[in-house]
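J.: what's the 3D shape of this:
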Amino acid sequence: MPIYVALFWSVALAGIDKKHSTPRRFLAKFMLFPLIIFVSHLLYFAPYPSIYPYFDVVLQYASLMSFPIYYIYFRLLTVDEKFSIQAHARYLIIPLAISVVYLIGVLLTPKIEFRTWIYNQDAFPESPNILFLRIMRLIIRTVFLIQVVVTVTCNYLLIRRYSDKAEQFYSDLQDGKYNNALMLNRSIILMSIAAFIFALLGRDYLMEQTTIIIIGWTVFSVMLFIIGYMGITQKSINPTYELETDNTAWNDELNPLSDSQKIILKKLLKEFEEKKVFLNSQLNILDVVKAVGTNRTYISTIINQQYNQNFCAFVNSYRMEELERIIHENHHVSNEVLAEICGFGSLISLRRAVYAKTGLSVSKWKKQL
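T.: Numbers count the residues shown, from 1 in each chain. Next up, the predicted model:
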């Protein structure tokens, strides 16, 4: 089951390169590592003792690479435009080095000793080669635990740091704000805990406990599915690399609008009040920039300065006005239809926008109106 889930998302997330975001395509590559891990576990527990030894080093490498790859995925969501060896090799060097040393130890160990030791950890206690492999396995587990703590912590810090920037770019962050990213991080925590418990129980114990393996692999399958599902909808939390840069933006938000700013504001209001661009559920700030004919930073500054709102809140304020107008005209319109025609794009987004403004559910707010 986890093999199928990982394979499914590795294909589904990849999609067409030109159509899908860089983080999403990179998450597809991440799914290949759980795929390798669970194929290796399947070969071990099935068991296929004649085949698994060839996968053991690959399994250790995939295990060590999973968390650095997942951290790079979060960097692509927040701070990095694209993956590059030059920028991200530092996160991959240690797993690669440890795996190479372990591979050397395996190659230097007599085949019969290695194959026996894999399925019996107490075999050949006097063998220096086996002792070396035991030490390397301990190092691999220790590094794995360190990776878990560091990755989860750093991911959380990236989410908190760049969540506000996302709301200055997208108009539909109410559809989860950065909750998807938090769920992505929490899912990997649960997977890590499960993996650590399995490591503590040991393979010899698990080999006799089929029920525990089934329960554990079910947990892994669910977590992998959640990661894939959240990842396929998760937007870049910091999309600034998609924007044109301008160093001449107004930085003093306490000053009144200048004449040039007032002209831009007038064009901005025309787009929203007359053309109703907010009805586009996929609207982002670049769409408004092109329509107004100015700079992204100017638009953000004017909205912040004049309305004390970010772009997302500004757009949703117009959607809420449209929503209220339609409800007054015909309160029998379903919530799903309201979400579509008012620009929210989804019922979840509509519910969150209503609650953010009123503190009420949609049904209670409609009754109040």
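
J.: Need the phi and psi values for residue 31.
T.: Per-residue torsions, residue 31: phi -60, psi -20 (degrees, to the nearest 10).

J.: next one: residue 331
T.: The phi/psi pair for residue 331 (degrees, to the nearest 10) reads phi -80, psi 0.

J.: With residue 332 instead?
T.: Dihedral angles for residue 332 - degrees, to the nearest 10 - are phi -90, psi -10.

J.: ok, it - how many residues close by?
T.: Residue 332 has 6 neighbours, counted by other Cβ atoms under 10 Å. Where you see a C-beta, it was placed from the backbone N, CA and C, and this is true even at glycine.

J.: Distance from the chain centre to stretch 138-156, please.
T.: Here stretch 138-156 is found 18 Å from its chain centre; the criterion is Cα atoms, centre = their mean, to the nearest Å.

J.: any residues touching that stretch, and which ones?
T.: 60, 63-64, 67-68, 70-71, 74, 94-95, 98, 102, 181-182, 184-185, 188-189, 192, 195-196, 199 (Cβ atoms under 8 Å, 6 or more residues apart in numbering).

J.: Recalculate using a threshold of 7 Å.
T.: Stretch 138-156 is contacted from outside by 60, 63-64, 67-68, 70-71, 74, 94, 98, 102, 185, 188-189, 192, 196, 199, using Cβ atoms under 7 Å, 6 or more residues apart in numbering.

J.: among those residues, which are in strands?
T.: The strands, defined by DSSP state E, take in nothing from the contacts of stretch 138-156.

J.: Just the buried residues out of these, in PyMOL syntax.
T.: Entered in PyMOL, the line below selects the buried ones among the contacts of stretch 138-156, by 16 or more other Cβ atoms under 10 Å:
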select buried, resi 60+63+64+67+68+70+71+74+98+102+185+188+189+192+199
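
J.: how about low-confidence regions in the stretch 201-350 of the chain?
T.: The stretch 201-350 of the chain contains residues with pLDDT under 70 at 236-256.

J.: And residue 346, how close does it get to residue 233?
T.: With distances taken as Cβ to Cβ, to the nearest Å, residue 346 is found 10 Å from residue 233.

J.: mind listing the helices in the stretch 101-250 of the chain by residue range?
T.: With DSSP state H, counting those that start in this stretch as the criterion, the stretch 101-250 of the chain has helices at 111-119, 128-167, 179-201, 203-206, 210-233.

J.: Mind listing what's buried along the fourth one?
T.: Of the residues in helix 203-206, those buried under the neighbour-count criterion (16+ other Cβ under 10 Å) are residue 206.

J.: what's the answer for the third one, then?
T.: Neighbour-count burial for helix 179-201, counted by 16+ other Cβ under 10 Å, picks out 180-189, 191-192, 194-195, 198-199.

J.: tell me, how many neighbours does residue 315 end up with?
T.: Neighbourhood size, residue 315 [other Cβ under 10 Å]: 29.

J.: Isn't residue 194 up against residue 218?
T.: No - taking contacts as Cβ atoms under 7 Å, residue 194 lies outside contact range of residue 218: 10.0 Å.

J.: Distance to residue 45 for the helices of the stretch 101-250 of the chain - can I get that in a markdown table?
T.: Formatted as a markdown table, the helices of the stretch 101-250 of the chain follow (distance: least, Cβ to Cβ, whole Å):
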| stretch | distance to residue 45 |
| --- | --- |
| helix 111-119 | 11 |
| helix 128-167 | 18 |
| helix 179-201 | 11 |
| helix 203-206 | 7 |
| helix 210-233 | 6 |
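
J.: Let me know which of the ones you listed is the nearest to residue 261.
T.: Nearest of these to residue 261, taken as Cβ to Cβ: helix 128-167 at 21.1 Å.

J.: residues of that closest one that come out buried?
T.: Those buried within helix 128-167 under the rule 16+ other Cβ under 10 Å are 129-130, 132-133, 136, 140, 143-144, 147-148, 151-152, 155-156, 158-159, 162-163, 165-167.

J.: Pull the contacting residues for residue 279.
T.: Counting by Cβ under 7 Å, 6+ apart, residue 279 makes contact with residue 343.

J.: Mind giving me the packing neighbours of the helix or strand hosting residue 327?
T.: Using DSSP states H and E, residue 327 sits in helix 311-329. Judged by 3 or more Cβ pairs under 7 Å, 6 or more residues apart in numbering; DSSP states H and E, helix 311-329 is in contact with helix 296-307, helix 335-341, helix 347-358.

J.: CA atoms of it as PDB?
T.: Listed in PDB are the C-alpha atoms of helix 311-329, where the atom choice follows Å, rounded to 0.1, in the frame of the first residue of the first chain:
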ATOM      1  CA  PHE A 311      -3.600  42.000  -0.900                       C
ATOM      2  CA  CYS A 312      -5.400  38.800   0.100                       C
ATOM      3  CA  ALA A 313      -7.600  40.600   2.700                       C
ATOM      4  CA  PHE A 314      -8.200  43.500   0.200                       C
ATOM      5  CA  VAL A 315      -9.500  41.200  -2.500                       C
ATOM      6  CA  ASN A 316     -11.600  39.200  -0.100                       C
ATOM      7  CA  SER A 317     -13.300  42.300   1.300                       C
ATOM      8  CA  TYR A 318     -14.700  42.900  -2.200                       C
ATOM      9  CA  ARG A 319     -15.800  39.300  -2.500                       C
ATOM     10  CA  MET A 320     -17.500  39.600   0.900                       C
ATOM     11  CA  GLU A 321     -19.400  42.700  -0.300                       C
ATOM     12  CA  GLU A 322     -20.500  40.800  -3.500                       C
ATOM     13  CA  LEU A 323     -21.500  37.800  -1.400                       C
ATOM     14  CA  GLU A 324     -23.700  40.000   0.900                       C
ATOM     15  CA  ARG A 325     -25.300  41.700  -2.100                       C
ATOM     16  CA  ILE A 326     -26.300  38.400  -3.700                       C
ATOM     17  CA  ILE A 327     -27.600  36.900  -0.400                       C
ATOM     18  CA  HIS A 328     -29.900  39.900   0.000                       C
ATOM     19  CA  GLU A 329     -31.200  39.500  -3.500                       C
END
